[in-house]
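A.B. asks: Have a look; sequence and predicted model below, questions after that.
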Amino acid sequence: MGLMEKIFALLEHGPGEHWGVHPDDRKRPAADAPLRVLPLPERLHVPLQQHIGAAARPIVLVGQKVLKGQLLAEAQGATSANIHASTSGTITAIGEITAPHPSGLPCAAITITADGEDRWIDSEPAVDPFSLAPKDTAARIAAAGVVGLGGATFPSALKLGLGLRAKIHTLILNGGECEPYLSCDDRLMRDFAAEIIDGIRIMLHATGAQKAQIGIEDNKPEAIAAMTAAARKFAEISVCPVAARYPMGSEKHLFSALTGQEVPADGRTTDLGVLVHNVGTAWAVHEALRHNRPLVERIVTLNGGAIAFPGNIRVPVGALVEDVLAYASLKEVPARLVMGGPMMGSLLPHTRVPVVKGSSGILALTAAEAAAYDPGPCIRCSSCVRACPVGLLPLEMSAHIAASDLNGAVDLGLKDCIACGCCSFVCPSHIPLVHYFNHAKGELAAQGRTQLRNDAAKRLAAARAERIERDTREKAEAAARRKAERMAQKAAEKAAAEAAAAQEAAGTAAESSEVTT
Amino acid sequence: MIAAILSLSLLGLILGFGLGFAAKKFAVETDARVAELEALMPGTNCGQCGFPGCSGAAAALADGKASPTVCPPGGKALIQALAAKLGVSVDLSGVADEGPKIAAIEEEICIGCCRCLKDCPTDAIVGAAKQIHAVMREACTGCEACVDRCPTGAITMDPVPITLQHWVWPKPLSEGAKAWA
Amino acid sequence: MTGFVATAPLASPHAHSGGRVTWVMGKVMLALAPATLYGFWLYGWPAIHLWVITILFSLLGEAFCVRLMGRRAIPVLMDGSAALTGWLLALSLPPWAPWWLGAVGGLFATVIAKQVFGGLGQNLFNPAMVARVALLISFPVPMTQMVAALPLGSVGAPDFVQGLRITLAGMPNYDAVASASLLGHAKTELSRGIDLVQTFASANAPALSFIGARTGSLGETSALLIAAGGIALIFLRIITWHIPVAMLLGIALPALIGHAIDPARYLGAGTHLLSGAAMLGAFFIATDYVTSPNTRLGQLVFAFGCGFLTWVIRTYGGYPEGVAFAVLLMNALTPAIDRLIKPRIYGRDRKGKPMELPEEKA
Ligand code: SF4
Ligand code: SF4
């Protein structure tokens, strides 16, 4: 950053950090309640796509008996992840279930009817992860179906692989958990600090990074204390408290807070030699390499004003939200049911949707908590501009999108928007800014797909036109050839006839001359 | 008074000439524009627009005889691209885009006459004489050229189902629209 | 109790800071209240009547337009923006002005300067200032007829009914108390060829004091109370320091330089800042959300321009006060400022190009 930029920044917002918002965190008392375990539901519906990328391909049949941890579906293609059985039982269906997604559309899922024994599959004894080559570690993580547990659900092995190529010097562990209400990472760090540290050491070994920094927001003193104690023995691992500020848990923002650098707009943190993983991922890596256990359960925060007993709870992947809510008891029918945090989580269409690997929380919010009002006109207060952690102009972008000028919004930086929700959160007119951006991003993607399709159609049409032209040309040529042949034949016949006539005319000499023709 | 009238008239004249000159000077060659527009069109010459092929539609667009919404298979993306090229604005919210559709052949009714096959601009229909034909979903552009050709009415246009991967957030109701309701 | 079914896909976030437009406007009004009440006390019942009438007609104008568009008026009026516009306009009128000045001004502000542009958030110019300038140009005499303060309860102060009479029927029998504001006085004397040093040395110069009973419109009487309200707004996070500070600097810097060069020709910085509508303009007028730039850097430029133009108009222009003109001129530049000055996007430079990777890594 040049000097000029520094002066500008100072004039704009004074010294120090400025981006983002400070929502009321509402993490307690849920964060302080001891971890509970969900009683095993009767049926589990395990979706085939719980990650960014292609859906996994099922390798089991209906009626087949499976054990907990058995592979149900294989990763398909480079960006995909394995799916495992979250309990022992029988496969009763390979069909569809409503996805945990605001659209309410279905997704493919494998239904397991539990036998109640919850028996793990026998696996070979784990080897010492520090004796493994980095590639083998990544392969084992991939086999265990580990994906980023922070919400983006990017396959973790792939991310480690990116790291292998880019020469990583630092590993950053994201324990920011900046979303209000959520405390699953907090709970994990308090209860499984040693396991997380072990996972971090394995990742350090696998990436060849020299040091690891664990970024934890300073509103989680217990987690900071637990992690610091667990990391004491290892000089290369340090715990770095960061200011509580939303969206501190955004990869790029945590990176900036810890390193003071910025990730270039078209780059990744790995370009700067830093790999960022969620603390939950470190725990999953520990489970996968030390105990050969694939990712089949996770800690989910249950919170919100409509929940009678908020807290954190271990839930097998595929359990229905309905089951989880029944266990935690609702006080009232919630105004909004959200999977994930209140800032970026998705609204659930109803309660019969499964918990997936990326589900960090289930929030049953009352109307007062959701604080939704009918939108009014933009008063250009620029609160959104000040809140945007990326430095965008939400009011201008949404105005362009409202006028169907998507390209205008792209010129203003729509593609840089991380959908963090800060702008909508502060807007005094309650304008659904993020909704506008979601719409525009989806519409642009759809237009891109249509464009591709149209291009393909154009190629096909051109090929067809060429084929038809070739056909007619060939036909014409063939016709011409035939005509030429016919002509030649006719000429020959004529010649022969003339010759014959001549011969006839010639009379007796004919017999002998015919032999020559 | 006289001076004011004179000076204003003079100003008007100068500006008028200026505008006229600019219009002449910066006028875009029509042919070049038609070619550019045609490059944007699907190029399947399906005829749904009512013009003789995509080039005909492009010429009509350049002449202002057709609106950017002329081409059904092009969808919203094409409308926007055309509008941008023509420098006009269109309100997409009014465009009834029921989403893409593609042709489907009912196997029970198809008699394998090969007529549809010959009319498909993208060769998306496969089949042979006396054998049931089928549409390749990837290649079909939804131009409907085949529908009327089928002697038994076996071809229907079915909407492409919306999946999780293709779902798009609906546009929020504008603040104005809400307040008016 | 799991009978939850969502009716429509709602986008995140599912939480809100709790801010609402009505409360924003309400807080601004609250910050204006001390200065207004002080003005009421100073100028008595006529000022109160005028204030009520101006606000009423602003609301009326807004309601009329909204009804004309076939929408329900009450929810729109509830956002408080029309009332605030009326309030600000009332603060910039002479306190004993006739009722129709407030009525015409209020209607003009909401109908012509706001609703014609498309309503809240769409107007290019500050409605209160547009109305004030329109009144000043159309009715220069009543708009500049100031009275000396006659605090409530003092001898000769008009009571409720007399106040009504003054507001509704003009002020025939109060000629005696006519007075001039400090800036107006200075301008008149300068134009008569009397330099400022002499002007202020003479006995009948208008008093200049912080909270004092300075002659002027309601919003001009107490720089201190206005500034206090403005600072409260900064603490309430309704506005930031950028616009007020830059605007006051924009007035003070040229005034300092001018006064240092020729004290007989140029008023001092203190006088400039504490007289006229400088404080009201800096804290309440230039900070109007709708008509000021989006970025703080842009706001600094905008407000400095407002301040500087105010000084220029006060010093060289035909009118003694220049805040309204200055703000309107800068309002016209706001779209241009917003185009030129945008926030820096994360990972990009000011021009929007992606940042370079550090050398060693690239
Ligand atoms: S514009 Fe995007 S990145 Fe900026 S605050 Fe809004 S949602 Fe977040
Ligand atoms: S926060 Fe809302 S009202 Fe304020 S400028 Fe942004 S969009 Fe407009």
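C.D. replies: Arrived safely. Being a predicted model, the structure only gives us computed values, none of them experimental. Ligands and ions are numbered 1, 2, ... in the order given.
A.B. asks: Tell me the secondary structure at the closest residue to ligand 1 within the stretch 251-362 of chain C.
C.D. replies: As assessed by C-beta to the nearest ligand atom, ligand 1 sits closest to residue C:346 within the stretch 251-362 of chain C, at 8.6 Å. C-beta coordinates here come from the backbone N, C-alpha and C atoms, glycine included. Per DSSP: H, G, I helix; E, B strand; the rest coil, the secondary structure class of residue C:346 is coil.
A.B. asks: thinking it is in contact with residue A:389, fair?
C.D. replies: Yes: proximity of residue C:346 to residue A:389 meets the contact threshold set by C-beta atoms under 8 Å, at 7.1 Å.
A.B. asks: do stretch A:78-93 and chain B meet?
C.D. replies: No: legend: contact between stretch A:78-93 and chain B by C-beta under 8 Å from any C-beta of the partner chain is lacking; minimum distance shown is 13.3 Å.
A.B. asks: what's the burial count for residue A:345?
C.D. replies: Residue A:345 is flanked by 29 other residues according to other C-beta atoms under 10 Å in any protein chain shown.
A.B. asks: for chain B, longest helix please?
C.D. replies: Longest helix of chain B, by residue count under DSSP state H: helix B:2-25.
A.B. asks: circling back to that earlier point, quick one, what contacts the residue of the stretch 251-362 of chain C closest to ligand 1?
C.D. replies: Contacts for residue C:346 (C-beta atoms under 8 Å, 6 or more residues apart in numbering or on different chains) come out as A:252, A:262-263, A:265, A:389-391, A:416.
A.B. asks: On the three-state scheme, residue A:223 is what?
C.D. replies: Per three-state DSSP, residue A:223 ends up helix.
A.B. asks: separation between it and ligand 1?
C.D. replies: 26 Å (C-beta to the nearest ligand atom, to the nearest Å).
A.B. asks: Report the separation between the closest residue to that residue other than its chain neighbours and residue B:151.
C.D. replies: Among residues not flanking residue A:223 along the chain, residue A:189 sits closest, at 3.9 Å (C-beta to C-beta, 6 or more residues apart in numbering or on different chains). Residue A:189 sits 71 Å away from residue B:151, taking C-beta to C-beta, to the nearest Å as the criterion.
A.B. asks: Neighbour count: the two, which is higher?
C.D. replies: Ranked by neighbour count (other C-beta under 10 Å), residue A:189 and residue B:151 place residue A:189 first, with 30 against 10.
A.B. asks: I'd say that one and residue A:279 touch.
C.D. replies: Yes: counting by C-beta under 8 Å, residue A:279 is a contact partner of residue A:189 at 5.9 Å.
A.B. asks: overlap in contacts of these two?
C.D. replies: A:175, A:196.
A.B. asks: if I pick the closest residue to residue A:317 other than its chain neighbours, what's in contact with it?
C.D. replies: Once flanking residues are discounted, residue A:317 sits nearest to residue A:86: 4.7 Å by C-beta to C-beta, 6+ apart. Contact partners of residue A:86, counting by C-beta under 8 Å, 6+ apart, are A:44, A:46, A:68, A:112, A:296-297, A:316-319.
A.B. asks: where in the chain is pLDDT low?
C.D. replies: You didn't pick a chain, so chain A it is. Scanning chain A with the threshold set as pLDDT under 70 gives A:1-2, A:14-17, A:163, A:506-517.
A.B. asks: not quite, I wanted chain B
C.D. replies: B:1, B:23-31, B:91-99, B:174-181.
A.B. asks: what are the ranges of the strands in it?
C.D. replies: Along chain B, counting by DSSP state E, strands occupy B:101-105, B:125-126, B:134-135, B:155-159.
A.B. asks: so which of those comes closest to chain A?
C.D. replies: Across these, chain A has its closest neighbour in strand B:101-105 (10.4 Å, C-beta to the nearest C-beta).
A.B. asks: Can you find the helix or strand in chain C with the smallest mean pLDDT?
C.D. replies: Using mean pLDDT, DSSP states H and E, strand C:178-179 stands out as the lowest-scoring helix or strand of chain C, at a mean of 56.
A.B. asks: where exactly do the strands run in the stretch 1-150 of chain C?
C.D. replies: Under the criterion DSSP state E, counting those that start in this stretch, the stretch 1-150 of chain C carries strands at the ranges C:146-147.
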